[in-house]
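Visitor: only geometry, no sequence info:
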DNA sequence: GTAGGGTTAG
């Protein structure tokens, strides 16, 4: 049995497809011969000694300038060299890569007269660092010879991207494994969310080095198990500065700044820029900008990253002017600086400022484009999102999963399943396997579009699933009213190594509520702390109130609200309000509505809910009062009216506030409406407004009429009672198609007509409204 | 020439 090293070289020599230059091939060949004959591995030291000392001297000088980032000087030296060897090229190559000049590295690599394994490994590292894993893999596959460095480079690259499957595959394929390979595998488990497996691996091998201990601490931090992380930190055999930085940033990220600060003050190793920056960003995340600023001032050596952290601190806490001042003062800005500003403006909905940043920034990377996409998406500019997404490709920026995520979620919002599916296909072309992130994006998309089958298919095909994948499935099914299915997924999840988190339980509780699984839901809620070690949060209470409310147990829901250990959120009150409307408990509903207005005086949606609540009891004067309170804040086309037009007939949902200040506008609308209504044989709209309180009965009748149409299409009476409804393969006439869309808008539902056929696409057929063609 | 820690998008 040949030794692994010899085996690899043998493979290389006998490979006909090897792209390696002939000269190099010959020298390799000789080398192999001698190695095989002598039956021992090549001696690296001997090889090093062969290098011309003058060349070594030049190389050292080049490397020195590269380390300092003096690229031009390094280049000059390289050009002046009396004799260049592969090692000089390699020095240049690795200098370019460590200075992130990937294009220069690629160009140099292509011009090299000969290449050795180090050139190939450096190039591999180059592609990995620039984030082009498919290119790296391609090179890896084509490499004439691979050693453990090549394998390790790929393993840890896959690990960092959460691609456990690929990392594991190469780990097992690797002919030789060292500590770095094992650490790579460990990192792969951690980054793909398979922390239980990471723990098992870590426990099974006793001789781990400090790097793996640090990875495990980081893993616990990522799992939000900070006290476990601390236990590990306390027990580890020796701690270096990275260990300290990891645990400090762990406490900082988990919001425990007291402990983070205590560790910071007692740490026995020297604090570096990582330590300081972790603390600055920790204070920022806690909203303590002053303290963050104080630490920033004290920081002995600031770099761009620390500047970025302080700018993010101000931006995250909405202190835009101060952030802007710092931004202007900064000694030098990098891509992240610009992106930080851009994305923070985007998050705040300050679209103009975001746009300004985007167009002013010297260069744009994927994050910049993604942030801009997110900014547009946030303010609902769906068309802009898709335009920018295409523009991004046109400008040659590679889209990543974030950009796809944004585009896909916009597709979901616009209910453009076709374009989204197209993106799905595209994603497959560019991707290097179904990682968690891409899978989760697709799951979200298909659920948003209501294509449960497609979502399930993606889920089944996913090689790696993390907590988010399971959560998306559970809450996806829950949202669409498939409570049993959601429970099924939850039961499956419990059989895996992945632990449910608080979001999982929110999904399961809401599934229970929509499927009427009241007892299951209640028992989960009261045992979640013991079984899953998760303390109920406001969202869990909201689910419970929704669950009890839907089941008609309003009194219990009411007392649970009172028992809550924290102030109920507007959505909690909303759940109670909705239930009280369905189960005719106006007192509770009004109580809830009042609470909502205290919390959110401008919540127009709640005004509408309240006025609907009154309307369903025939309390028309209260409807009116509520509408008056709403003022001009209603999002309707004409304030005070909800109406749809179906086949030239106007259906009025409600006519409310004749007391609305914008009388001119209302009367103008009424004139138009009048004509249409009279033509359709209905009572005049003007009449209704003038006698609105008395005539509301008639309005109610009209509402009922139009609702009947809606029921025919299956739009109302959605089993889940939730605002998403998918109608597949509907044969519908043009007018009704529009009407359905309009109902969706009025009723604040997302209705998706999937694969529906419009009137003109057919010859011979009939629509549910009675029309035929 | 390969592994762990701090800042930005999702």
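Guide: It's in. Because the structure is a prediction, the values reported are computed rather than measured.
Visitor: Which residue, other than its chain neighbours, is closest to whichever residue of the stretch 151-300 of chain A sits closest to DNA strand B?
Guide: Minimum separation of the stretch 151-300 of chain A from DNA strand B (C-beta to the nearest atom of the strand) falls at residue A:152, amounting to 2.7 Å. All C-beta atoms are positioned from the backbone trio N, CA, C, and that covers glycine. Among residues not flanking residue A:152 along the chain, residue A:180 sits closest, at 4.6 Å (C-beta to C-beta, 6 or more residues apart in numbering).
Visitor: do the same with residue A:583
Guide: Leaving out its chain neighbours, the residue that sits closest to residue A:583 by C-beta to C-beta, 6+ apart is residue A:552, at 4.9 Å.
Visitor: so which strand or helix has the residue nearest to residue A:152?
Guide: helix A:179-191 (DSSP states H and E).
Visitor: where along chain A do the strands fall?
Guide: Assigned by DSSP state E, chain A shows strands spanning A:641-646, A:649-655, A:724-728, A:731-732, A:750-754, A:757-758.
Visitor: Nearest to DNA strand B: which residue in the stretch 551-700 of chain A?
Guide: Per C-beta to the nearest atom of the strand, residue A:571 is where the stretch 551-700 of chain A lies closest to DNA strand B, at 20.2 Å.
Visitor: how deep is the residue nearest to that residue when sequence neighbours are not counted tucked in, by neighbour count?
Guide: Spatial nearest neighbour of residue A:571, excluding adjacent residues (C-beta to C-beta, 6+ apart): residue A:542 at 5.4 Å. A count of nearby residues for residue A:542, using other C-beta atoms under 10 Å, gives 25.
Visitor: pretty sure residue A:542 is in contact with residue A:577, am I right?
Guide: No - here residue A:542 does not reach residue A:577: they are 11.9 Å apart, not a contact under C-beta atoms under 8 Å.
Visitor: can you map out the helices along the stretch 1-150 of chain A?
Guide: A:4-13, A:22-38, A:44-50, A:53-67, A:71-80, A:86-98, A:102-111, A:117-129, A:133-142, A:148-160 (DSSP state H, counting those that start in this stretch).
Visitor: for the stretch 351-500 of chain A, same thing?
Guide: A:351-360, A:366-378, A:382-394, A:401-414, A:417-430, A:436-448, A:452-461, A:467-479, A:483-495.
Visitor: Same list, the ones you listed, but as TSV with mean pLDDT and mean neighbour count please.
Guide: Putting these into TSV (pLDDT from 0 to 100; neighbours: other C-beta atoms under 10 Å) gives the following:
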stretch	mean pLDDT	mean neighbour count
helix A:351-360	93	16
helix A:366-378	92	24
helix A:382-394	89	17
helix A:401-414	79	22
helix A:417-430	78	15
helix A:436-448	82	24
helix A:452-461	89	16
helix A:467-479	89	24
helix A:483-495	92	18
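Visitor: mind listing what whichever residue of the stretch 501-650 of chain A sits closest to DNA strand B touches?
Guide: Nearest residue of the stretch 501-650 of chain A to DNA strand B: residue A:503, at 14.5 Å (C-beta to the nearest atom of the strand). Neighbouring residues of residue A:503 by C-beta atoms under 8 Å, 6 or more residues apart in numbering: A:467, A:471, A:475.
Visitor: Give me the pLDDT value at residue A:654.
Guide: According to the prediction, residue A:654 has pLDDT 40.
Visitor: now do the one 3 residues further on
Guide: Per-residue confidence (pLDDT) for residue A:657: 37.
Visitor: Those residues of the stretch 101-250 of chain A touching DNA strand B, which are they?
Guide: Residues of the stretch 101-250 of chain A lying near DNA strand B by C-beta under 7 Å from any atom of the strand: A:117-118, A:121-122, A:125, A:147-150, A:152-153, A:156, A:159-160, A:178-181, A:183-184, A:187, A:209-211, A:214-215, A:218, A:240-243, A:245-246, A:249.
Visitor: Can you select the buried ones from those in PyMOL?
Guide: Applying 16 or more other C-beta atoms under 10 Å to those leaves a buried subset, and the PyMOL line that selects it is:
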select buried, chain A and resi 117+118+121+122+125+147+148+149+150+152+153+156+159+160+180+181+183+184+187+211+214+215+218+242+243+245+246+249
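Visitor: got the residues of the stretch 401-550 of chain A near DNA strand B?
Guide: A:401-402, A:405-406, A:409, A:437.
Visitor: so which of the contacts of residue A:503 would you say is closest to DNA strand B?
Guide: Using C-beta to the nearest atom of the strand, these come closest to DNA strand B at residue A:471, 14.0 Å.
Visitor: wait, what's in contact with the residue nearest to residue A:303 when sequence neighbours are not counted?
Guide: Leaving aside its chain neighbours, residue A:303 sits nearest to residue A:273 (5.5 Å; criterion: C-beta to C-beta, 6+ apart). Applying C-beta under 8 Å, 6+ apart, we find residue A:273 in contact with A:299, A:301-303, A:305-306.
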